[in-house]
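Participant: Quick one: sequence plus predicted model below, questions after.
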Amino acid sequence: MAILVYASSAEGKLKKGALEAVTYGYKTAQILGTEAYAVVLGDVEDAGQLGKYGATKVYQVADASLNDFDGQVVAAVVADAAKALNADVIVTSNDSAGKTVVGRLAARLNAGCLSGVNSLPTTDGGFFVKKNVFSGKAVAEFELKSATKVLSVMGNTFPPEEVASSVSVESLSVEVPASRIKVKAVETVKGTVPLPEAELVVSAGRGMKGPENWGIIDELAGLLEATTACSRPVADIGWRPHHEHVGQTGVAIRPNLYIAIGISGAIQHLAGVNQSKTIVVINKDPEAPFFKAADYGIVGDLFDVVPRLNAALKKFKG
Amino acid sequence: MKLLVCVSKTPDTTTKISFTDGNTTFNTQGVQYIMNPYDEWYALVRALELKEQAGGTVTLINVGPKANDTVIRKGLAIGADNAVRVDIEPASAFATAKQIAEHAKAENYDAVFLGKETIDYNGAEVGAMIAEMLDVPFISFATNMTVEGNTATISRDIEGGSEVLEVATPFVVSAAKGLAEQRIPNMRGIMTAKRKPLKVVPPVDVPDLVSVKGYELPAEKSECKYIDPENMDELVNLLHSEAKVI
């Protein structure tokens, strides 16, 4: 019995979720009285650092064809790795890779699975673990009854914790099936933290009156080293790119700080951001529903308030 | 193309969520049900567009009791040709996937469409499971898709960007915002939907791997603390020393 963490990577680098998944795997191993191993696929820089977060062994399937992600291939490789290492709990991150792999692993191994878990398992009379349901409006506890279990860990919920030191990476020989998906192009926005991984997010909506007014938002995001986001109407009318849209139909996020500027807080928007740890709302309408979900509220004209906030942050940073 | 679209029934987004039987059962009293928006707006509409462009059929499949027929009829009204309902309340994502895969295996669909997740359990698991059970590729979170012959070119969202993939039929694809635009059924669609075939099939046996033990509602958010709009130094202080986020 052991835990195997599939540590996902992109462009040769471990994703932030991979470190969180290893931290989760380590803590779960403590609960179950076993060890957590990690497996990386393709070329990955510095995979041995996963030892710091509690992986007692780090394995690499160094087949270059794994550099392009295909969930079907990854699931086959991780399932075989789990069998070879005698692992019965498989853990990964709940990012675009994890979400594509978890269901496949479960089907392949006849395993109970749960995606986006936000608690460590409890083992009194079974194997129980929790996740958010109904778009964050409730939490459900599930029992996984199968011998093999597959979990993906909700992002920004289990911060990476260093508990040991780096380990050497061992090569693992597993058959890599041919992919039936051809990757034609990959485009990523450079220089900013992707929204699902961001700890600080500055988001703005229709109250901005036009795309030409975003300078104060970019300045605020720059001062905080935050990622920018927006509401649905603003993305739909083309003021901002679609990948910035947070909410039910856009990206669901869970940062430590979410600053909502000129966004009224429709229920569909809240469904995508209500898991944020601290919410600041700046809106001139005191009746805006967003204030009910806010920790800190400022009722005022954003064109006065945001520049004042930027000045205060400059002073704070010295 | 011969296309299958999986549709799920979910509580409306604005539903107030509560539980009964000592927080072990979702309280369906007064709940308004809808077709899962990702299934309806994006998966179904893109499948219909492909059929309009290249010919073929669009079949709907739902796993659930007779009460789900209203959602299925809406899908037929939007334009699907026929529908299948597997007559069982699914106990888990695995159970749903297994019933759909059993149907799809015998039918040789060119592609299986579904929404990127349901808005109730938010699992995003079913599509990957169906693909594994059918041993075909799965493209998740598709935001754009074109088809030439038997090759699809699909864009999907990844962290901080997107990628463009090419895949040959058959495959499973999960739909995100951008793939299509919502369609409202017209009167003619609603009338003809009543006469379109809706086949009810018995379920196959599925192992019991996962079940819900209970629910809880999240802790009430504490009162919003209002800050003088003239005094942004105070906000910065609170974010630093109280919330400890900067």
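Facilitator: Cool, got the structure.

Participant: Need the mean per-residue confidence for stretch B:233-245.
Facilitator: On average, the pLDDT along stretch B:233-245 is 97.

Participant: Identify each buried residue in it, please.
Facilitator: B:233, B:235-236, B:238-239, B:243, B:245 (16 or more other Cβ atoms under 10 Å in any protein chain shown). Placement of C-beta: from N, CA and C, glycine included.

Participant: same thing with stretch A:47-57?
Facilitator: A:47-57.

Participant: Can you pull up the most central residue in chain A?
Facilitator: A:G155 (3.1 Å; Cα atoms, centre = their mean).

Participant: Likewise for chain B?
Facilitator: B:G115 (3.4 Å).

Participant: doesn't A:N132 fall inside a strand?
Facilitator: Yes - checked against DSSP: H, G, I helix; E, B strand; the rest coil, A:N132 lies within a strand.

Participant: just checking, it touches B:D120?
Facilitator: No - in this structure, A:N132 is not within contact of B:D120 by Cβ atoms under 8 Å, at 11.1 Å.

Participant: Could you count how many residues lie near whichever residue of the stretch 201-318 of chain A sits closest to chain B?
Facilitator: Residue of the stretch 201-318 of chain A nearest chain B, by Cβ to the nearest Cβ: A:G300 (3.1 Å). The local packing of A:G300 (other Cβ atoms under 10 Å in any protein chain shown) involves 19 other residues.

Participant: For stretch A:160-180, output the C-alpha coordinates as PDB.
Facilitator: What follows is stretch A:160-180, C-alpha atoms only, in PDB (Å, rounded to 0.1, in the frame of the first residue of the first chain):
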ATOM      1  CA  PRO A 160       3.000  23.500  -0.400                       C
ATOM      2  CA  GLU A 161       4.800  22.800   2.900                       C
ATOM      3  CA  GLU A 162       8.500  21.800   3.100                       C
ATOM      4  CA  VAL A 163       8.900  18.800   5.400                       C
ATOM      5  CA  ALA A 164      12.100  17.100   4.100                       C
ATOM      6  CA  SER A 165      14.800  17.600   1.500                       C
ATOM      7  CA  SER A 166      15.100  16.900  -2.200                       C
ATOM      8  CA  VAL A 167      15.500  13.300  -3.300                       C
ATOM      9  CA  SER A 168      17.200  11.800  -6.300                       C
ATOM     10  CA  VAL A 169      14.900  11.100  -9.300                       C
ATOM     11  CA  GLU A 170      14.600   7.400 -10.300                       C
ATOM     12  CA  SER A 171      13.800   6.400 -13.700                       C
ATOM     13  CA  LEU A 172      10.600   4.300 -14.100                       C
ATOM     14  CA  SER A 173      10.100   2.000 -17.100                       C
ATOM     15  CA  VAL A 174       6.500   2.000 -18.200                       C
ATOM     16  CA  GLU A 175       5.100   1.400 -21.600                       C
ATOM     17  CA  VAL A 176       4.000   4.700 -23.200                       C
ATOM     18  CA  PRO A 177       1.200   4.200 -25.700                       C
ATOM     19  CA  ALA A 178       1.100   6.400 -28.800                       C
ATOM     20  CA  SER A 179      -1.100   9.500 -28.600                       C
ATOM     21  CA  ARG A 180      -4.000   9.900 -30.900                       C
END
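
Participant: Name the surrounding residues that touch it.
Facilitator: A:16, A:19-20, A:22-23, A:26, A:39-40, A:47-63, A:65-66, A:68, A:70, A:72-73, A:76-77, A:80-81, A:84, B:136-137, B:167-168 (Cβ atoms under 8 Å, 6 or more residues apart in numbering or on different chains).

Participant: Phi, psi for B:N23 please.
Facilitator: Main-chain torsions, B:N23, degrees, to the nearest 10: phi 60, psi 30.

Participant: Measure how buried the closest residue to A:D68 other than its chain neighbours is and give me the count.
Facilitator: In space, and not counting its chain neighbours, A:D68 is closest to A:V183: 4.3 Å by Cβ to Cβ, 6 or more residues apart in numbering or on different chains. Using other Cβ under 10 Å, A:V183 has 14 neighbouring residues.

Participant: In contact with A:V183, which residues?
Facilitator: Contacts of A:V183 by Cβ under 8 Å, 6+ apart are A:68-69, B:163-165.

Participant: Per-residue confidence, A:T249, what does it come out as?
Facilitator: The per-residue pLDDT reported for A:T249 equals 84.

Participant: Where does the prediction get shaky in chain B?
Facilitator: Along chain B, the model assigns pLDDT under 70 to no residue.

Participant: Could you give the bridge partners of B:F26?
Facilitator: Here B:F26 sits in beta bridges with B:F19, as judged by DSSP bridges.

Participant: just the helices in chain A please.
Facilitator: With DSSP state H, the ranges of helices along chain A come out as A:16-32, A:71-84, A:96-109, A:215-224, A:232-236, A:267-273, A:302-317.

Participant: partners of B:R85 in the sheet?
Facilitator: Bridge pairing for B:R85 - DSSP bridges - gives B:N62, B:V200.

Participant: Now do it against B:L76, distance only.
Facilitator: Per Cβ to Cβ, to the nearest Å, B:R85 is found 12 Å from B:L76.

Participant: Go through stretch B:174-183 and flag the buried ones.
Facilitator: Residues of stretch B:174-183 classed as buried: B:174-180, B:183 (neighbour count, 16+ other Cβ under 10 Å).
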